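Here is a sequence with its predicted model. Questions after.
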Amino acid sequence: AQTVTQSQPEMSVQEAETVTLSCTYDTSESDYYLFWYKQPPSRQMILVIRQEAYKQQNATENRFSVNFQKAAKSFSLKISDSQLGDAAMYFCAYRTINSGNTPLVFGKGTRLSVIA
Amino acid sequence: GAVVSQHPSRVICKSGTSVKIECRSLDFQATTMFWYRQFPKQSLMLMATSNEGSKATYEQGVEKDKFLINHASLTLSTLTVTSAHPEDSSFYICSARAPGHPNTEAFFGQGTRLTVV
């Protein structure tokens, strides 16, 4: 079974600075999807960024980018120019590519605080 | 993006009563929906996979008679917490994946905070 590990329960960053959240995963599959979800205090899950494992290029969405290291099974999230609104729980998630019926496998999350 | 609506957002019920939570896909048909439970400051724990027109698949340790799931249409799945007790108090979230959606991401409902008193 696949597992996702987020080793940083809490992180903090100064406003306008850059922070990196780490995520590692374990799988025997060669093709899969990886996601970062944000859960603000409202608790609505919001997709931040996604990566297809077969793509070597790291995904980027505005201030959010990932460092995808397939061989190392690492999928870190970099937030640049951090804003107060970035404060939230961040979950790394994995999904097999084979079927639409498979759920996401989540890490335990990292709580990010942004200091003004 | 696709929209998933979950209702109610908050519910308080008395111990021993049953509570129904609805999860609707508003602009797409979802043959599969997922139900999660989230304890404070913890991750999402998958409870069950809801398949339209068939029985739900429950994760190990989740009581199927306690958490009844019905997915009677392509746009609606319901989770009924039967004979609720205070330990059932939690945050429940549903998600669905839009068939053919190019990004294969999951779309989440707003969640339901259940408090059993």
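Thanks, I have it.

Pull up the residues of chain A that are close to chain B.
For chain A, the residues in contact with chain B (CB under 8 Å from any CB of the partner chain) are A:33, A:35, A:42-45, A:47, A:50, A:91, A:95, A:97, A:100-101, A:103-104, A:106-109, A:111. C-beta coordinates here come from the backbone N, C-alpha and C atoms, glycine included.

Over in chain B, which residue gets nearest chain A? Let me know.
Nearest residue of chain B to chain A (CB to the nearest CB) works out as B:Phe108 at 3.9 Å.

That residue and A:Ser42: what is the separation?
11 Å (CB to CB, to the nearest Å).

show me what contacts the nearest residue to B:Tyr36 once chain neighbours are set aside?
Of all residues not flanking B:Tyr36 in the chain, B:Leu44 sits nearest, at 4.1 Å (CB to CB, 6 or more residues apart in numbering or on different chains). Going by CB atoms under 8 Å, 6 or more residues apart in numbering or on different chains, B:Leu44 touches A:45, A:91, A:104, A:106, B:36-38, B:93.

near chain A, which residues of chain B?
Close to chain A, as judged by CB under 8 Å from any CB, chain B has residues B:1, B:31-32, B:34, B:38, B:41-44, B:46, B:49, B:51, B:91, B:93, B:95, B:97, B:99, B:103-106, B:108, B:110-111.

Filter those down to the ones in strands?
Within those, residues falling in strands by DSSP state E are B:32, B:34, B:38, B:44, B:46, B:49, B:51, B:91, B:93, B:95, B:108.

Which two among these are spaced furthest apart?
B:Asn51 and B:Phe91 (23.4 Å; CB to CB).
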